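Chemist: Make a model of this:
(2 chains)
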Protein chains: 2
Amino acid sequence: MGEFELIQRYFTRPSPGAVLGVGDDCAILHTAPGMQLAISTDMLVAGRHFFPDVEPHALGHKALAVNLSDLAACGARPMAFTLALALPAADEGWLAPFAKGLWALADAHGCELIGGDTTRGPLNLCITVFGEVPGDIAGPTRTQALLRSGAKAGDDVYVSGTLGEAALGLQQHLGQLKLDAPAAAACRARLERPTPRVALGLALRGIASACADVSDGLLGDLGHILKRSGVGARLDTDAVLACCPWSAHPIDAPLLRQCVLSGGDDYELVFTAAPAQAAAVAAAAQASGTPVRRIGRIETQTGLRLVDAHGQLAVHTMQGFDHFASTSPQTAEALK
Amino acid sequence: MGEFELIQRYFTRPSPGAVLGVGDDCAILHTAPGMQLAISTDMLVAGRHFFPDVEPHALGHKALAVNLSDLAACGARPMAFTLALALPAADEGWLAPFAKGLWALADAHGCELIGGDTTRGPLNLCITVFGEVPGDIAGPTRTQALLRSGAKAGDDVYVSGTLGEAALGLQQHLGQLKLDAPAAAACRARLERPTPRVALGLALRGIASACADVSDGLLGDLGHILKRSGVGARLDTDAVLACCPWSAHPIDAPLLRQCVLSGGDDYELVFTAAPAQAAAVAAAAQASGTPVRRIGRIETQTGLRLVDAHGQLAVHTMQGFDHFASTSPQTAEALK
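Modeler: Have a look, this model is predicted:
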């Protein structure tokens, strides 16, 4: 099977939402008047972001999911994506389930594949995703996208869904942890098939003051919001730990804390909203079918303070995952 | 140097043309009313698209150039790009010249870096590029982008600039060929620092009936136009060979022919236009400072026919480079 046959067989479908899709030098997108295009790109490398022997259907899902999660963080509606793929070989036994996993998630979000590139090389997947968000460059805010830069002192800090499961799943996979069967299955599913919180992101437009997705760990990603907004935060450690459904399990306490606070691959949304928006946040959570929990408050004083069960303060460095920092404590490092 | 410092130091600059650039979950682009977004993505793999020891400044240039070439083929004006980068290490001695080469070409085209991703892994560069092209989905043509699908029987076939130099440069580098010093330098420059024909692509809007860039070899890329347009072509082999400035050099004839007809990495434009547009084509070439040569004619009969010096017909398979075909005769295979 050659390159063009491969593209034709697995990666070519009608894309009625685009002016022009796969098959020309460029794809062409048209954005409706009053709309802007939100764009994000993520590269996944074998042995770093996933185990080389990961089930290809799950990998197809995850490669798109981590990109959709960025659109969710901006409150953008998914429209389209491009896929660049380096493959060691054109292996149909791998490509067929990979494409199936990719299309299943793409179809669920009405996100069309409009172009890409296929080459031979060490396994590497690079997806660029496009979403629509209202905005007017002549308007006062220029865009209605949710940004990292809008958090204000006094705002509540929220996080969606659950935290730490993907990191626990990785520890289990590495044999560092022995979870019971239901916990192991749930954590592995979260590691391999994250759920991008697209509906919640859309529902939070006009309500949240700042938003980011939790890909590198809660403290690191909240840290991005604090830095871009020029503020700090105080978090209720117990409330954060309660975001992990397995926190009552017999898991080594420092490891659990590490997974929940700094574990990566959660793909939840961490966001801020003024206290007056509390009812609107609850309504957005309900409308999107996504649990949301208040975990702290934005403060004028920069930095991140953790308040534990005894009311003590632990000042945290806010370090998330860094691909080039030798001290990164995190999931992907463990994959090496 | 950590991941975020690396991005800050080498890949963060103001992007006034974008609503939002590097530093948030998504970048935000606004397209003016009546304009559409042309999008292309290309992935470059070490040992496949470039020698692992290639000068990083040249690689920074080439990674963006091959993407700008796709915009040129559509007649789109470059606006912005994202860069996803897998690096074996955060080596400043490599990153600084790489970024310099990238920015020099980006600045020359007013193309802003608006986002990206950086990870550790086998060297891999994936750029997605965005350009602006007039169009109206409610209009009769939906887009004014140059497409591969518009060639009509009777149209002239043209190619810009020179052909075969990059492939000759590769053969020289591999020791398969001994060029004299000026030829070797010119061919190596073409291999390492291709010139995307952006100005010509813009000038051909409304004039060319179909267009593609020559990345996989003339016959392969013209073949894409013929297939998408449902037509065939007759090429004047002598006119094609005259596109190589070194065709009078003592180069093995079959090798020269191979490099000119099927050599990759030319990044010229192959396009078609009605005979009535001949003067307009010449004016576009002059206005954009890009030489253009007529090399053949579109015919109703499908397939590609080469007419040689003796008037004989050679029917060609139109095979361009295929990353997964074992028979690919081409440059990148030789890089393995």
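Chemist: Helices along the stretch 201-336 of chain A, start to end?
Modeler: A:218-229, A:237-241, A:253-262, A:278-287, A:331-335 (DSSP state H, counting those that start in this stretch).
Chemist: Out of the ones you listed, which is closest to B:H57?
Modeler: Between B:H57 and these, the tightest spacing by CB to CB is seen for helix A:331-335, at 29.9 Å. Where C-beta positions appear, they are placed from N, C-alpha and C, glycine not excepted.
Chemist: mean confidence for that closest one?
Modeler: For helix A:331-335, mean pLDDT rounds to 38.
Chemist: Kindly report the same for stretch A:61-76.
Modeler: 97.
Chemist: does any part of that stretch sit near chain B?
Modeler: Yes - between stretch A:61-76 and chain B, judged by CB under 8 Å from any CB of the partner chain, the touching residues are A:D70, A:L71, A:A73, A:C74, A:A76.
Chemist: Apart from its neighbours in sequence, what residue is nearest A:G131?
Modeler: Using CB to CB, 6 or more residues apart in numbering or on different chains and skipping residues adjacent in sequence, the residue nearest A:G131 is A:A76, 3.0 Å away.
Chemist: okay, now that neighbour: neighbour count?
Modeler: 33 (other CB atoms under 10 Å in any protein chain shown).
Chemist: okay but it is in contact with A:E132, surely?
Modeler: Yes - counting by CB atoms under 8 Å, A:A76 does reach A:E132; the two are 6.2 Å apart.
Chemist: Next, show the common contact partners of those two.
Modeler: A:A38 (CB atoms under 8 Å, 6 or more residues apart in numbering or on different chains).
Chemist: what's the helix or strand for A:R13?
Modeler: Counting by DSSP states H and E, no helix or strand carries A:R13.
Chemist: Can you tell me how far it is from A:G175?
Modeler: 41 Å (CB to CB, to the nearest Å).
Chemist: swap in A:L29?
Modeler: A:L29 is 46 Å from A:G175, by CB to CB.
Chemist: who has more neighbours, those two?
Modeler: The neighbour count for A:L29 versus A:G175, taken as other CB under 10 Å, is higher for A:L29 (25 against 7).
Chemist: pretty sure that one is touching A:M35, no?
Modeler: No - applying CB under 8 Å, one finds A:L29 not in contact with A:M35, separated by 10.7 Å.
Chemist: Next to chain B, which bits of the stretch 101-250 of chain A? Give me the list.
Modeler: By CB under 8 Å from any CB, the residues of the stretch 101-250 of chain A that approach chain B are A:114-122, A:124, A:126, A:128, A:130-131, A:133, A:135, A:137, A:142-143, A:145, A:147-149, A:211-213, A:228.
Chemist: rewinding a little: quick one: the residue nearest to A:G131 and A:G135, what's the gap?
Modeler: Applying CB to CB to A:A76 and A:G135 gives a distance of 10 Å.
Chemist: Can you check which residues contact both of those two?
Modeler: If you check A:A76 and A:G135 against CB under 8 Å, 6+ apart, the residues they both contact are A:A145.
Chemist: Just the ones in strands from the residues of the stretch 101-250 of chain A next to chain B, please.
Modeler: Counted as lying in strands by DSSP state E, out of these, are A:114-120, A:124, A:126, A:128, A:130-131, A:133, A:211-213.
Chemist: Pick the one among those closest to B:C244.
Modeler: With CB to CB as the yardstick, the closest approach to B:C244 among those comes from A:T119, at 26.3 Å.
Chemist: how about the nearest residue to the spatially most central residue of chain A, chain neighbours excluded?
Modeler: In chain A, the residue lying closest to the centroid (CA atoms, centre = their mean) is A:Y267, at 3.2 Å. Nearest residue to A:Y267, sequence neighbours excluded (CB to CB, 6+ apart): A:P194, at 3.9 Å.
Chemist: Likewise for A:N67?
Modeler: Going by CB to CB, 6+ apart, A:N67 has A:V129 as its nearest residue, at 3.9 Å.
Chemist: And the pLDDT for A:H316?
Modeler: Note for A:H316: predicted pLDDT of 61.
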